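1. Show me the folded form of this:
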Amino acid sequence: MDQSKAIEMIAQLSNAYGAPGFEDDVLTVAQRWACDFGEITSDAMRNLYIRRNGNTGKRPMVLLDAHSDEVAFMVHSVRENGTIKFIPLGGWVDYTLPAHTVRIRNKAGKWIPGVIASKPIHYMTDEECKQPVRQPDMSIDVGACTREEAISVFGIQPGQPIVPDTVFSYDAENDLMWGKAFDCRLGCAALLGTLDALQGEQLSVDIIAGMSTQEELDMRGAVITARVVKPDIAIVFEGCPADDTCVPEAEMQTRIKHGPMLRHIDGEMLTNPRFMRFALDTARRKGIPAQDGVRERSATNGASIHLSNEGVPTIVIGLPIRYIHTHVGIAAYQDYKHAVQLAAAILRALDADTILSF
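-> Prediction:
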């Protein structure tokens, strides 16, 4: 897949609306790009499976994972003044929310615009001005003047998803991608890019790619994909928070334009050290830039997958993204490209004896 085609795929995945539990638009996009890679199926949780062409059923099974959902919100209720009370779906920091635009799916299925509103500074007391605005004190305004209008005219109802209103762009001169939902649409793109890179090749493993749902809600979809696929080994693609703007230089491990980050540990998984060494050695041998990461907090679908069945050696290939879990992320195309190259190189090198050694 050449760069222009890959950028178009990333743009379509990023722009798709996919709050946890409402990932259908994302999966529609993914299926269009995956139609030549193998048999495509789904399950009751809307997890998407791509069974690679050439699988025999007689070789070790590799699960390639990426999650299709994004951090988002949900309509709780409509207030008397026509503004909307909402709840977060996934991890948000309150101070990043006010004044950002969103899209709300109404009862007719139309995505309508809104803005996250808080009390204007002109009406705040001096004490209020000193205090951070909390998410429960915010509203979403679609322009309605009454509760009745918001419900009957705008079609707002409880339980509907709300997503950031951000459009993807690519700065070719500086190799920078700007957009929403890079956690984990860049991972979805890397999963598809890896399948594309391996088309027609004879491998010593079978591959099922699983785009799992509801990762932002305790990694629920991957619990099911691991049960369905029953992998012998797994590679998880994830959008990871870049640290190159917020920690001392000596501690930086997830810088953009320095290759994918492979995490040794996070809040819920200690990476299989033998598989980790194999992956890092493969990167060095192939001249693919990669970063060692040691994370004290957070988690990925690897947490669910590596504890499934009788235990699954699992690595996380993280794509560095500045400002994830906000309305706008910044990432480098070259990190996406190197993540695909690394995953493809690992899959070409895996065989039954190597997997058994992990």
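
2. Following the chain past the lowest-mean-pLDDT helix or strand in the chain, name the next helix or strand.
-> None of the helices or strands of the chain scores lower by mean pLDDT, DSSP states H and E than helix 126-130, at a mean of 86. Heading C-terminal from helix 126-130, the first helix or strand you meet, by DSSP states H and E, is strand 139-141.

3. which helices and strands sit right next to that following strand?
-> Contact here means 3 or more CB pairs under 8 Å, 6 or more residues apart in numbering; DSSP states H and E; on that basis strand 139-141 packs against strand 84-89, strand 111-117. C-beta here means a position set from N, CA and C on the backbone, and glycine is covered the same way.

4. I'd like the average pLDDT over that strand.
-> The average pLDDT within strand 139-141 is 98.

5. ok, now stretch 251-259?
-> On average, the pLDDT along stretch 251-259 is 96.

6. Distance-wise, check the residue minimising distance to the centre of the chain relative to Arg147.
-> When CA atoms, centre = their mean is applied to the chain, the residue found nearest the centroid is Cys184 (1.3 Å). According to CB to CB, to the nearest Å, Cys184 and Arg147 sit 36 Å apart.

7. Give the buried residues for stretch 137-146.
-> Neighbour-count burial for stretch 137-146, counted by 16 or more other CB atoms under 10 Å, picks out Met138, Ser139, Ile140, Asp141, Val142, Ala144.

8. ok, now stretch 239-253?
-> Going by 16+ other CB under 10 Å, stretch 239-253 has these buried residues: Gly239, Cys240, Pro241, Ala242, Asp243, Met252, Gln253.

9. Would you mind giving the residues you listed as JSON lines with secondary structure added?
-> Below are the buried residues of stretch 239-253 laid out as JSON lines (DSSP: H, G, I helix; E, B strand; the rest coil):
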{"residue": "Gly239", "secondary structure": "strand"}
{"residue": "Cys240", "secondary structure": "strand"}
{"residue": "Pro241", "secondary structure": "strand"}
{"residue": "Ala242", "secondary structure": "coil"}
{"residue": "Asp243", "secondary structure": "coil"}
{"residue": "Met252", "secondary structure": "coil"}
{"residue": "Gln253", "secondary structure": "coil"}
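
10. Distance to Pro313 added to these, as a markdown table?
-> Formatted as a markdown table, those follow (distance: CB to CB, whole Å):
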| residue | distance to Pro313 |
| --- | --- |
| Gly239 | 22 |
| Cys240 | 20 |
| Pro241 | 25 |
| Ala242 | 27 |
| Asp243 | 26 |
| Met252 | 27 |
| Gln253 | 22 |
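
11. now, which of the residues you listed sits nearest Gln3?
-> Closest approach between the buried residues of stretch 239-253 and Gln3, by CB to CB: Gly239, at 19.3 Å.

12. any idea how the protein splits into domains?
-> If you go by automatic domain parsing, the domain ranges for the chain are 3-70+180-357, 75-164.

13. Which of those has the highest mean neighbour count?
-> Mean neighbour count (mean count of other CB atoms under 10 Å) peaks for domain 3-70+180-357 among those, with a mean of 20.

14. can you give me the offset of stretch 188-203 from its chain's centre?
-> Distance of stretch 188-203 from its chain centroid, counting by CA atoms, centre = their mean, to the nearest Å, is 18 Å.

15. please begin residue numbering at 47 from this point
-> Happy to do that; since the first residue is 47 now, the last one works out to stretch 234-249.

16. quick one: the helices in the stretch 297-404 of the chain?
-> Applying DSSP state H, counting those that start in this stretch to the stretch 297-404 of the chain gives helices spanning 319-332, 348-352, 379-395, 398-403.

17. Of the ones you listed, which is nearest Gln177?
-> Closest to Gln177 of these, according to CB to CB: helix 348-352, at 35.3 Å.

18. So which elements touch the closest one?
-> Using 3+ CB pairs under 8 Å, 6+ apart as the test, helix 348-352 ends up in contact with strand 107-113, helix 266-275, strand 279-287, strand 360-367.

19. Measure how far the longest one is from the centre of its chain, please.
-> Relative to the centre of its chain, helix 266-275 is centred 16 Å away, using CA atoms, centre = their mean.

20. Over to stretch 368-386?
-> Its chain's average C-alpha position is 10 Å from that of stretch 368-386, according to CA atoms, centre = their mean.

21. what is the mean pLDDT for it?
-> For stretch 368-386, mean pLDDT is 98.

22. hmm, back to that, next, format the helices and strands packed on strand 185-187 as TSV and append mean pLDDT.
-> What follows is the helices and strands packed on strand 185-187, written out as TSV (pLDDT from 0 to 100):
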stretch	mean pLDDT
strand 130-135	98
strand 157-163	97
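
23. still on that earlier bit, could I have the CA atoms of the helix or strand the residue nearest to the centre of the chain falls within written out in PDB?
-> If you go by DSSP H and E, Cys230 is part of helix 228-243. Extracted C-alpha coordinates of helix 228-243, given in PDB (Å, rounded to 0.1, in the frame of the first residue of the first chain):
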ATOM      1  CA  PHE A 228      -5.900   8.000  16.600                       C
ATOM      2  CA  ASP A 229      -6.400   5.800  19.700                       C
ATOM      3  CA  CYS A 230      -6.900   3.400  18.200                       C
ATOM      4  CA  ARG A 231      -7.700   4.100  14.500                       C
ATOM      5  CA  LEU A 232      -4.000   4.300  13.800                       C
ATOM      6  CA  GLY A 233      -3.800   0.900  15.300                       C
ATOM      7  CA  CYS A 234      -6.700  -0.300  13.000                       C
ATOM      8  CA  ALA A 235      -4.800   1.200  10.000                       C
ATOM      9  CA  ALA A 236      -1.600  -0.600  11.100                       C
ATOM     10  CA  LEU A 237      -3.500  -3.900  11.400                       C
ATOM     11  CA  LEU A 238      -4.900  -3.400   7.800                       C
ATOM     12  CA  GLY A 239      -1.500  -2.200   6.500                       C
ATOM     13  CA  THR A 240       0.100  -5.300   7.900                       C
ATOM     14  CA  LEU A 241      -2.300  -7.600   6.200                       C
ATOM     15  CA  ASP A 242      -1.800  -5.700   3.000                       C
ATOM     16  CA  ALA A 243       2.000  -6.000   3.300                       C
END
